[in-house]
Structures are given as structure tokens and as C-alpha cells.
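[1] I'd like to go over a predicted model; first the sequence, then the structure.
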Amino acid sequence: MPQVYSWLIGAFPRKILPTDIDGEVEICGQFLRFEFKHENALRDGRIPKGQLMALKALIQTRVFTVLLIGNNDRGETACFEAWYNNGNKSPLKDANRQDIYDFCERWSAWAEAQRRLNNQFSTHGGMGGPRVTSE
């Protein structure tokens, strides 16, 4: 248990404690959440149950993509897996930092395109998906 949150024991039901956020980017109302783990935890599917539930709940909002990045013992990027906001998952892939950079570039271009799509379907240019109004 992270010591930083131990003073919150009992404040939430079912022994729930806060999880840390390793990284997050927002572009045009879409979010990319970074979660770093040891590569063995990713390869063996050993994400803590509570954290797994929280990450899956983020995906269900349809505005979060989760990028799980596995680092080796030297702290180098070794693998990654993406959980997309439409519920799809990429297979776990061997990777290096350039692969993560490339993924982030592609995700950024996609997120930027969401602004154009949202503006096309919205009479007020809002975010969060197509809106059609009748006046």
C-alpha cells in the first residue's frame, strides 16, 4: 500500500485508496492516460484489481484511451498495450520509446480530428460527441 495514502484508510468503502496518475494528456475533450508498470506485470496480466477496475471505467466514458507502458529493470520501455475509448484493445507489443512517441503522434492527430467532427455535428462547437439540435 502506498504510504502517501495510508492516512485515508477507512475514508472510502471496501478499503479503496487513491491511485496515482502516471501521466495524462487532454486534446479536444479526449484524454490519453499513461500507466507505467514493470514489463513482467503487463506480460503476466498482473495489474492490481482496483486499478484495473478504475482504468476500465475510464474507457467506458468513451473519452479516455489508456496506454499501458511496460519498463524493464533498467527503466527502459520494453512493451505497451493500448485500451481505446471504443472498448478495443491492442495486443501487447514489444516496444521502445520511439514506438510510444509514434503512438502519441497518431493519437494526437486523431484527437485533433475530433474537434472538426464535433464542430461539424454541433450548432455550438461543443465537445463530447455529435450533437444535433432542432430549432
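    Nice, I can see it.

[2] Could you use CA atoms for every contact and neighbour count after this?
    OK.

[3] Show me what counts as buried in stretch 10-21.
    Going by neighbour count (16 or more other CA atoms under 10 Å), the buried part of stretch 10-21 is Leu17.

[4] Please enumerate the helices of the protein.
    39-43, 49-60, 97-121 (DSSP state H).

[5] how about the residue nearest the centre of the chain, what does it touch?
    Using CA atoms, centre = their mean, the residue of the chain that lies closest to the mean C-alpha position is Val66, 2.1 Å off. Contact partners of Val66, counting by CA atoms under 8 Å, 6 or more residues apart in numbering, are Leu32, Arg33, Phe34, Glu35, Leu55, Ile59, Ala82, Trp83, Tyr84.

[6] What about Tyr5, how many residues nearby?
    For Tyr5, the neighbour count with other CA atoms under 10 Å is 12.

[7] start the count at 437, not 1, going forward
    Yes, from this point I'll number from 437; that puts the last item at Tyr441.
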